[in-house]
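K.L.:
How does the following fold in three dimensions:
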Amino acid sequence: MYGTVLASALLAALGQEGEAFTPFYDASWVFVTGATAGLAHGYAHHMADHGKESAAHRWRMLALALWNEWPLIVATLPTVLLLVAAGLFDWDSYAVTAVGLGLNTALLFAWGSLVALRVGYRLGSALLIGMADATIGLAIIVANAVIK
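P.N.:
Residues are numbered from 1 along each chain as shown. As a prediction, the model looks like this:
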């Protein structure tokens, strides 16, 4: 979820009215920011959790903590792929931003609902959790409309 929210915020922030649309540049920044956030998050978890083990054990635990952040990075990929497609097919920046924010909001709903179902929530509760997650995407859409 965090990677999708991050990608949405970056998608909304990178495109400015009156500036040239640079979808490949934007795609690279969304991916690099997602990867950096994943590494920073994994490192923070590692630093908060490790004790006085051997150096080899700490390195293994750091590698595991970093590896466990792969979902954050993968969650940025729909936005990255959309921006790459926009660059390849010369799509309009406004449309790409609108589609990207809508897609990411739908993904937040779907992932929130699916995870809730997976951990044992009933369908109605799972859909409400999905709506709560999607509300974050809707907040980004509203903020994008108000700020721009």
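K.L.:
So in this protein, where's the weakest helix or strand by average pLDDT?
P.N.:
helix 55-67 (a mean of 89; mean pLDDT, DSSP states H and E).
K.L.:
And it, what does it pack against?
P.N.:
With contacts defined as 3 or more Cβ pairs under 8 Å, 6 or more residues apart in numbering; DSSP states H and E, helix 55-67 has these neighbours: helix 23-49. Every C-beta, even on glycine, is put in place using the N, C-alpha and C of the backbone.
K.L.:
In which helix or strand does Ile140 reside?
P.N.:
For Ile140, the host element (DSSP states H and E) is helix 123-147.
K.L.:
What are the buried residues along that helix?
P.N.:
Ala126, Leu127, Ile129, Gly130, Asp133, Ala134, Ile136, Gly137, Ile140, Ile141, Asn144 (16 or more other Cβ atoms under 10 Å).
K.L.:
May I see these arranged in JSON lines, with distance to Leu107 and pLDDT as well?
P.N.:
Listed next are the buried residues of helix 123-147 as JSON lines, based on distance: Cβ to Cβ, whole Å; pLDDT from 0 to 100:
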{"residue": "Ala126", "distance to Leu107": "15", "pLDDT": "98"}
{"residue": "Leu127", "distance to Leu107": "15", "pLDDT": "98"}
{"residue": "Ile129", "distance to Leu107": "14", "pLDDT": "97"}
{"residue": "Gly130", "distance to Leu107": "10", "pLDDT": "98"}
{"residue": "Asp133", "distance to Leu107": "9", "pLDDT": "97"}
{"residue": "Ala134", "distance to Leu107": "9", "pLDDT": "98"}
{"residue": "Ile136", "distance to Leu107": "11", "pLDDT": "96"}
{"residue": "Gly137", "distance to Leu107": "8", "pLDDT": "95"}
{"residue": "Ile140", "distance to Leu107": "12", "pLDDT": "96"}
{"residue": "Ile141", "distance to Leu107": "13", "pLDDT": "95"}
{"residue": "Asn144", "distance to Leu107": "17", "pLDDT": "92"}
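K.L.:
And these, which two are furthest apart?
P.N.:
Greatest spatial distance in the buried residues of helix 123-147: Ala126 and Asn144, 27.7 Å, computed using Cβ to Cβ.
K.L.:
hey, C-alpha coordinates of stretch 117-136 in CSV?
P.N.:
Once non-C-alpha atoms are left out, stretch 117-136 reads as follows in CSV (Å, rounded to 0.1, in the frame of the first residue of the first chain):
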residue,chain,number,x,y,z
LEU,A,117,-10.1,-11.3,3.1
ARG,A,118,-6.8,-13.2,3.3
VAL,A,119,-6.4,-12.5,7.1
GLY,A,120,-9.9,-13.6,7.8
TYR,A,121,-12.3,-10.6,7.5
ARG,A,122,-15.7,-11.2,6.1
LEU,A,123,-16.5,-9.8,2.7
GLY,A,124,-18.4,-6.7,4.0
SER,A,125,-15.7,-5.8,6.4
ALA,A,126,-13.0,-6.4,3.8
LEU,A,127,-14.7,-4.1,1.3
LEU,A,128,-14.9,-1.4,4.0
ILE,A,129,-11.2,-1.8,4.6
GLY,A,130,-10.6,-1.5,0.9
MET,A,131,-12.7,1.7,0.8
ALA,A,132,-10.6,3.1,3.7
ASP,A,133,-7.4,2.3,1.8
ALA,A,134,-8.9,3.8,-1.4
THR,A,135,-9.8,7.0,0.6
ILE,A,136,-6.0,7.7,0.7
